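**Student:** output the structure for:
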Amino acid sequence: MDIKNVVVAGGGVLGSQIAFQAAYCGFNVTVWLRSEDSITRTQPKIDHLKEVYLETIRNMATPEGQTPQTWARGIADFETFDMETCLAKAEAAYKNLKLELDWGKAFADADLVIESLAENAEEKIAFYKKLAPVLPEKTIVVTNSSTLLPSKFVKYIGR
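**Tutor:** Next up, the predicted model:
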């Protein structure tokens, strides 16, 4: 399967970082959020990540930035690093990343959904129950949960 459209469900610290990195890597990324308040909390995180990427890329072009301790492997390989290309990718990631409240718009053509909601089993179960009937058959669903077993949610998403 060719993955093009990625939806990150949740725009907290990890969700925002996952979304920006996926957009930087060239995927079409939508961050699904629950409310307008979520947008007002998530957009500043995305704005900050753009600046962090731009600063990191500029630093990678300096002698100090070209050491193993400071090199950002997720941004570029050392051997093929081109600052202008990487800066353009960061700008494109920022410009093309979408924040969406509407279920239909967010998930209709998702190839991959990355659930990045708070570590609350009841909230995750409610999300998966609501998500399951609207997802295309092709969609792969993963979680970034660090304290809850993904296998506990399989029966709610049906995959």
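
**Student:** how near is the residue nearest to Trp71 when sequence neighbours are not counted to Lys138?
**Tutor:** Excluding its sequence neighbours, the residue lying closest to Trp71 (CB to CB, 6 or more residues apart in numbering) is Phe78, at 6.0 Å. No exception for glycine: its C-beta is placed from N, CA and C like everyone else's. Separation of Phe78 from Lys138 (CB to CB, to the nearest Å) stands at 36 Å.

**Student:** is it fair to say Val31 lies in a helix?
**Tutor:** No - checked against DSSP: H, G, I helix; E, B strand; the rest coil, Val31 lies outside a helix; its state is strand.

**Student:** near the residue nearest to Ala23 when sequence neighbours are not counted, how many other residues are there?
**Tutor:** Using CB to CB, 6+ apart and skipping the chain neighbours, the partner closest in space to Ala23 is Ala93 (3.7 Å). Burial measure for Ala93: 23 neighbouring residues, criterion other CB atoms under 10 Å.

**Student:** can you map out the helices along this protein?
**Tutor:** 13-24, 36-60, 83-96, 103-107, 121-131, 154-157 (DSSP state H).

**Student:** for Gly74, which of those helices is the nearest?
**Tutor:** helix 13-24 (6.1 Å; CB to CB).

**Student:** send the alpha carbons of the closest one over as CSV?
**Tutor:** Only the C-alpha atoms of helix 13-24 are listed here, as CSV (Å, rounded to 0.1, in the frame of the first residue of the first chain):
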residue,chain,number,x,y,z
VAL,A,13,2.9,17.8,22.1
LEU,A,14,3.5,14.4,20.5
GLY,A,15,0.7,14.7,18.0
SER,A,16,2.0,18.0,16.8
GLN,A,17,5.5,16.7,16.5
ILE,A,18,4.4,13.6,14.6
ALA,A,19,2.3,15.6,12.3
PHE,A,20,5.0,18.1,11.5
GLN,A,21,7.6,15.4,10.9
ALA,A,22,5.3,13.5,8.6
ALA,A,23,4.5,16.7,6.6
TYR,A,24,8.2,17.4,6.4
